[in-house]
Structure formats: C-alpha cells, structure tokens
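Colleague: Below is the sequence, then the predicted model.
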Amino acid sequence: MNIAIVGTGYVGLVSGTCFADTGANVTCVDVDAQKIERLKNGEIPIFEPGLDELVLKNVKAGRLHFTTDLSSVLDDVQIVFSAVGTPPDEDGSADLKYVLQVARTIGQHMNNYLVVVTKSTVPVGTAAKVRKTIEDELAKRGLQDLEFDVASNPEFLKEGNAIKDFMSPDRVVVGVESEHAKKVLTKLYKPFLLNNFRVIFMDIPSAEMTKYAANSMLATRISFMNDIANLCERVGADVNMVRAGIGADTRIGRKFLYAGCGYGGSCFPKDVKALIKTADQNGYSMEVLKAVERVNERQKSILFEKLQKAFKDEDLKGKTVAMWGLSFKPETDDMRESTALVMIHLLLEAGCTIRAYDPVAMNECKRRIGDTVTYCNDMYDATLDADALLLLTEWKEFRLPTWAVIKKAMKRPLVIDGRNIFDSEDLEENGFEYHCIGK
C-alpha cells in the first residue's frame, strides 16, 4: 500500500517510519526543505530512542522516502495522512491553518480517489472543514464529482516510548464516514489486527473528541495528585503512601498518580486549553479542566517556593542553583511547556546563578534561552559550589548518584526533589537537607 504523510515532526516521522516497517511504501512530506535534506542524509531532527535506526533501515529497504512536494505523490498513493502542527492561538484554540493548507493542496492536485486522514490533534468539526476545503478546490478545477473520503486517526504516542506505542498499541482509534474508507484503513492496520491489537472504528467527531478527552483525563489525574500532595504536606501525610493506597483500587489504577512539579510537553497543556476553548465556543464551561490547568501552572513554581522556605525567605540573590533535568520528561529533548523553563525564569529573576545538566536537552535549552544558564558536562559538574540542587526531570542516570561526591562539591547540602525519586533516609544519612513533593 502506498501512503503519504504530511509533516515530519514528532507524530509524522514516527508514524511514517513505523508504517514503512510494517511493509507500506511511505513518502513523508514537509515544506521545510532543510529538514527533508537532513532526513535524506540520515540525520534525524528529533530525539526519540530507536528512531534513527528504524528510519535508516526502512530508507535502505526502499520503503521510506522524503520530499517537499506533496503534489508529486498524490497520483501514486491511496491514503494521505495530515500530521502537521496545530499550535495554540492566543485564545487557546487550535490553529488549523496548516491542516487546511494541506487540504487545499490535496484539492488542487488530486486526480484519483483518496482517503484523507487527519492524524494531528484537532478540535471536533475539523474533518468537516477539511472536506469543505478539498471540495471547494476540486470545484474550481471542475472536478466536483471526484470522490474522496476524510477520516480521523488521532495518535496516542508517548515521547520516549513512541515506537513501542505505535507498533504495540493498546488501541487504534479511527473515525470514518463511509464503509469504503473503513475498508481501506482496515487493510493498512491489518498487521496490527493480526497481533490482536484493537482497532476501534467510530464516527469522526467521536474520534476527534477521544484524543482530547484522553489527554485531558491524564492531565486531570496528574493535577489531582499534585493537589493531594500539597495537602499531604500540610496535614502530615505521605503522598507516596496515599498513591499506593488509592492505586490498589482497580477502578482507579496506579498510572499517572505520581505527584511532581507539573506536567508539560507538546500535548497535555495544548490539548487541555483547546478542549476548554471548544467548550466555551459551544456555550459550556469545562470547570474541572480549568481547575486542572490552574493547579498545573501553580505546581510549576512549587520548587521555587520550597527553595525560598529552605533559605527561610532570605534573599536568593547570588545563590548558585544546580538543576538536573531540562526536558519536560525523560527520554526526550522536548522542552515545550517544561517546568524547567518556569524555574529558570524564577531563579534568574531572583538573581541566582544556574548550573544545568540534562542528558539530551541542553542544545534545545540553548536554542531557547541562550547562555543565560551554565551548561555543565555532567550531573556532578552541575553541583560544583551549588547552594541547592533541584531535580526536575527523572532521568534514569539521576536515580543513584554518589551522594558523598555531591556533598563535597556543594556549598550547602540541600536537595529539592521535584519528582520524588530519591530516598529521604539515604540523603539524610549522607548529611543532606532533603525536600520533596507531598511529604
């Protein structure tokens, strides 16, 4: 089967590469000529474990191709996936200009039946706009009778685990409006059906809503546990014990019940905002999600508040702060909406010097904020002469540090753990003052 995927960002490149690995002939399309040239040369523009090897394997096998010209491949494909960005507008709604531009290009150049599938996260009703855009362009060409289908196939990939999520999904959600589109997409997903993975077909509006509802539910669990954690500190409870207690209830489960210093990334913040905006536009107020958003924004500054309390509200100007972790989560260099960006702003505003280390995100940090922080060689280098150590991202290499070395390096043995990964007794035995979330 021949397919095209427009957009070689996180979703598009991972999806295209994985489809190619199941035997499809895939052409990835992007207007960014420099990015396409890099991909042709084997350079992967995003960090995702295992992706570079999989891209090279499928390029070598002749199943994965790259181009800047969507029109040149439309006559040879049966399915076009739109995986372009939907950045939030100033009012929080999803900006659909790139999605609709893809639809316009398809309408201007298609000559055969196509299934046009939106893989980007888009508000309910977007497929109808895509259909109208294509129909308008076909009418201009006198091809108003040319048949095509639109569909919705939202992605549920976790950064850092995207290839496994795609190849071994717990479910694939597909919204269709015709039996023919369902037949075409069933054929594409047949390799997954053979492994007993669930492909759930539904109407298009429900598929579009499912993506937002899923991410908003996960964001809600995170903010709920952060609220519980903050209350635990005030009443003398331990949020880790509370999490174990409620997570044992099969109706609740254990996932996404970890307290911390706030969620970030390209999905949760954007999708929560977009769903709130969609509700507002339809005369309904999402009160729970508005609270989820407020709690998360407040939680991103919780480590700064703990730092102030540790210094008994004395002036932080001139203090050196070691920061472990810059990406919004482990196994990615993505810093979009990361807690680190909030913390860097607060610390610099307070007059602190920041010594930062992250295994993969330092180049991304430098691209975003330049040399306003000191980028260190490793996690031990970051603690040199530091008055405090803040843990923001729970990378595996941070889990078992040699505390004796760190204590000698630091000016003051103070650790503030934003992800609750350290053992309090271990740190106290090594002479550290230790603070975490919800205890």
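Modeller: Happy to help now that I have it.

Colleague: heading toward the C-terminus, what's the first helix or strand past the helix or strand where R131 lies?
Modeller: Assigning secondary structure by DSSP states H and E places R131 in helix 126-140. The helix or strand immediately downstream of helix 126-140 is strand 149-152, counting by DSSP H and E.

Colleague: Alpha carbons only: can I get that following strand in CSV?
Modeller: Extracted in CSV, the C-alpha atoms of strand 149-152 (Å, rounded to 0.1, in the frame of the first residue of the first chain):
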residue,chain,number,x,y,z
ASP,A,149,-13.1,10.3,1.9
VAL,A,150,-12.0,12.0,5.1
ALA,A,151,-11.1,10.2,8.3
SER,A,152,-9.7,10.9,11.8
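
Colleague: contact partners of the next helix or strand after it?
Modeller: Next helix or strand after strand 149-152 toward the C-terminus (DSSP H and E): helix 162-167. Helix 162-167 has contacts (C-beta atoms under 8 Å, 6 or more residues apart in numbering) with 10, 14-15, 17-18, 21-22, 48-51, 54, 155-158. (Glycine included, C-beta is placed from N, CA and C.)

Colleague: Which one (most neighbours) among these?
Modeller: T17 (30 neighbours; other C-beta atoms under 10 Å).

Colleague: Quick check: that one vs V73, distance?
Modeller: T17 is 17 Å from V73, where distance means C-beta to C-beta, to the nearest Å.

Colleague: tally of neighbours for Q101?
Modeller: So Q101, with other C-beta under 10 Å, has 15 neighbours.

Colleague: now it, nearest residue through space, not along the chain?
Modeller: Distances taken as C-beta to C-beta, 6 or more residues apart in numbering place V84 nearest to Q101, at 7.8 Å, with adjacent residues excluded.

Colleague: Isn't the one you found up against L96?
Modeller: No. Checked against C-beta atoms under 8 Å, the pair V84 and L96 is beyond contact range at 9.5 Å.

Colleague: the more surrounded of the two?
Modeller: Using other C-beta under 10 Å, the more surrounded residue of V84 and L96 is V84, with 25 against 21.

Colleague: show me the contacts for that one.
Modeller: Residues in contact with V84 (C-beta under 8 Å, 6+ apart) are 6-7, 9, 12, 98-99, 101-102, 120.

Colleague: Let's see if you can find the most crowded of those.
Modeller: Counting by other C-beta under 10 Å, top hit in these: V6 with 28 neighbours.

Colleague: any idea how far V272 is from V295?
Modeller: As judged by C-beta to C-beta, V295 and V272 stand 11 Å apart.

Colleague: more neighbours, these two?
Modeller: Neighbour count, other C-beta under 10 Å: between V295 and V272, V272 has more, with 25 against 19.

Colleague: host element of the more buried one?
Modeller: Counting by DSSP H and E, V272 is found in helix 268-281.

Colleague: now that helix, how far from the centre of its chain.
Modeller: How far helix 268-281 lies from its chain's middle: 16 Å, per C-alpha atoms, centre = their mean, to the nearest Å.

Colleague: Go ahead and name everything in contact with it.
Modeller: With contact meaning C-beta under 8 Å, 6+ apart, helix 268-281 is reached by 86-88, 91-94, 121, 123-124, 211-213, 215-216, 218-219, 222, 263, 285-286, 289-290, 292-293, 296, 336-337.

Colleague: Filter those down to just the ones in strands.
Modeller: Judged by DSSP state E, the subset of the contacts of helix 268-281 located in strands is empty.

Colleague: Just the buried residues of the residues you listed.
Modeller: 86, 92-94, 121, 123-124, 211-212, 215-216, 218-219, 222, 263, 286, 289, 292-293, 296, 336-337 (16 or more other C-beta atoms under 10 Å).

Colleague: So which elements touch the strand or helix carrying K306?
Modeller: Per DSSP H and E, K306 falls inside helix 302-310. For helix 302-310, the packing partners by 3 or more C-beta pairs under 8 Å, 6 or more residues apart in numbering; DSSP states H and E come out as helix 339-349, strand 388-391, strand 414-417, strand 433-435.
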